[in-house]
Structure formats: C-alpha cells, structure tokens
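*Asks:* I would like the atomic coordinates for the input below:
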Amino acid sequence: MDLQLFLALSAASYSAVIIAQMVITQVHRLPGSAKEFAMHAGVIVLAAAGYELFPAIYGYVAALALALTLLPALLIGMANRRLVASRFKDAALYARLAFLLHPTARMRFEARHCAALAQSTPEGRIAALAALQASATPDQASVLQMQILSQRGDWQGLAAFLARHPMRATPELVNHAIRAFGETGQLDAMVRAHASYAGALTGSTASLARLMVLAFCGRVEATRRQLATVAIMPPASGPSGRRPPCRPPDRVRRHAVSSAASTPAASIPGSAT
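*Replies:* Predicted coordinates for the structure are as follows:
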C-alpha cells in the first residue's frame, strides 16, 4: 500500500469512527458539536476527493485536516488538567489556542472561562465568572455558578445548588460536588456521588476524588496511602484566598490526614480502612 493511500484511509477511518461515536452517544445534538461533526465529515470527503483532485499529496492533506480537527480537543483536555491543578494561566493559554484553531461558541466559552479563573485574586475571579453568566447557556451558567460558590468557599451553598440542579459528569464538577458534600458533612451523598461518577474520572482527578472521600470519611491510613499517589490538591478558597501549589505541601498533607482522623469512619465501597 502506498503512503498516500495509507494516510488517507487512516484519516478517513478515524473520522468515521468519531462520527459513529457521536451519533451513537447523541453527542452530535449538543450545542457546538455540529461543527466538529462537519469537520470530521470534511476529512472523509478530502480523503476521497483528493485521490482525483491532488493524487500526489491527498494523503498528506487528509492527515493534516484530521490533525487540525483533533488538536483543539487535545488542547482543551490539557487546559482542563491544568485547571484541576490550579495552573490557571497555563489553562487559559491552552484554551485560547484551542479557540483560535476552532472558533466555535463552545471553544470561546472555554477560553473565557479559563481566562476568568486566571485572575490573580478570588474577587477578580468571582467578578469575571459572574460577567460570563450574562451570555452563557443554562448548562454553562450552572458551571459558572458552581465555580463562584467554590471560589467563595460557600460549600453549604454549593451543596444546596447541587440538590436543585442535576450534575453533568465532568471531572471538575464531580470533584466540586465531592468536596461540597464532604465539607458540609453529607457523607452519604458524597459517597454516592463518587460511586455514580467514578467512570468520568481518570488519572490525577480520580486520585484526588478518592483522597477527598477517604479523608472526609475518616480513613486515616488509607488517606496517608492515597496522598502518596496524588500530585495535586483542590484549591483553597476560604477568606484568605490563598491557593496551594500544585503539589501538596506538608501543611496540606497534615490537613488531609487530620480531617480523616477527626471524622468517624464511614463505609466506602471497595476501600479498606
């Protein structure tokens, strides 16, 4: 098989799989997904039509089109990982690049959302997030409201908000919910949230969620073991507005362990004391 044919078939096949997944999971019906659907369809058209129109480079063209289609999603994934690690300026940069490559309404919101969180003070972040709510969709407004309550350290308000609004299974929102329920002593709700949405968590976000569940449920030794695997901690958002670095310092580790030690042990599915 010649290189051009291999590249064209690979690009077209990958895009076909993505389109099939979007249709099966009905993601193509979500706001902002139509353009992504069309871009993958365009990769398939380029791979097929390019054989006749520019046979010498049609494989390269199809591969480049696929790369440009996938790159914004990869950048948003990198931005989300930086958000969880409280590296807000890095997250804002990646989200901005994603928007420049894929200027859709959803990418614009992601870029503005990350830029709001990159403000240097809690007050600045809250003001920037509140300003975004005016032009946000209902789902986006819910995300922003959760962020605002988290920035204020209003865990009781956040828990009440979650009770009124169904939660989308994204890593950031799941961890917000787990912490809100833990901070307000709603341990059963916290464990249910973790069990229900564990499939949406991967890597460091999954480790962070499990650490919070273990600490709030009073599992001291399990908390100590989990701390060894966690590279990040949730940002502090109390009156001082201080934020810990991405790797938890000794005082944060002591706080997690002391939280576990001061809480009566509760049952956690699949965990040991």
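*Asks:* Distance check, Leu70 against Gly124.
*Replies:* Between Leu70 and Gly124 the computed distance is 33 Å (CB to CB, to the nearest Å). All C-beta atoms are positioned from the backbone trio N, CA, C, and that covers glycine.
*Asks:* and the nearest residue to Pro72 once chain neighbours are set aside, backbone torsions?
*Replies:* Closest residue to Pro72 apart from its sequence neighbours, by CB to CB, 6 or more residues apart in numbering: His102 at 3.6 Å. Note on His102: its backbone torsions stand at phi -140, psi 80 [degrees, to the nearest 10].
*Asks:* which ones are touching His102?
*Replies:* Lys35, Glu36, Pro72 (CB atoms under 8 Å, 6 or more residues apart in numbering).
*Asks:* mind listing what's buried in stretch 210-228?
*Replies:* Buried residues in stretch 210-228, counted by 16 or more other CB atoms under 10 Å: 210-220, 222-223, 226-227.
*Asks:* can you tell me the average pLDDT over that stretch?
*Replies:* Averaging pLDDT along stretch 210-228 yields 83.
*Asks:* swap in stretch 62-73?
*Replies:* 87.
*Asks:* contacts for it?
*Replies:* Identification of contacts with stretch 62-73 by CB under 8 Å, 6+ apart yields 7-8, 10-12, 14-15, 36, 39-40, 42-43, 46-47, 50, 98-99, 101-102, 107.
*Asks:* Need the CA coordinates for it. CSV is fine.
*Replies:* C-alpha atoms of stretch 62-73 as CSV (Å, rounded to 0.1, in the frame of the first residue of the first chain):
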residue,chain,number,x,y,z
ALA,A,62,-6.3,14.3,4.8
ALA,A,63,-3.8,13.7,7.6
LEU,A,64,-3.3,17.4,8.1
ALA,A,65,-7.0,18.0,8.1
LEU,A,66,-7.5,15.4,10.8
ALA,A,67,-4.7,16.8,12.9
LEU,A,68,-6.3,20.3,12.8
THR,A,69,-9.7,18.7,13.7
LEU,A,70,-8.3,16.9,16.7
LEU,A,71,-5.9,19.5,18.1
PRO,A,72,-8.4,21.8,19.7
ALA,A,73,-9.9,18.9,21.7
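*Asks:* Quick one, grab the pLDDT at the residue nearest to Pro72.
*Replies:* 82.
*Asks:* Please apply the same query to Ile268.
*Replies:* Ile268 carries a pLDDT value of 38.
*Asks:* Repeat that for Ser262.
*Replies:* For Ser262, the model assigns a pLDDT of 53.
*Asks:* can you map out the helices along the stretch 51-200 of the chain?
*Replies:* 58-84, 88-101, 105-117, 122-133, 138-152, 155-164, 171-183, 187-197 (DSSP state H, counting those that start in this stretch).
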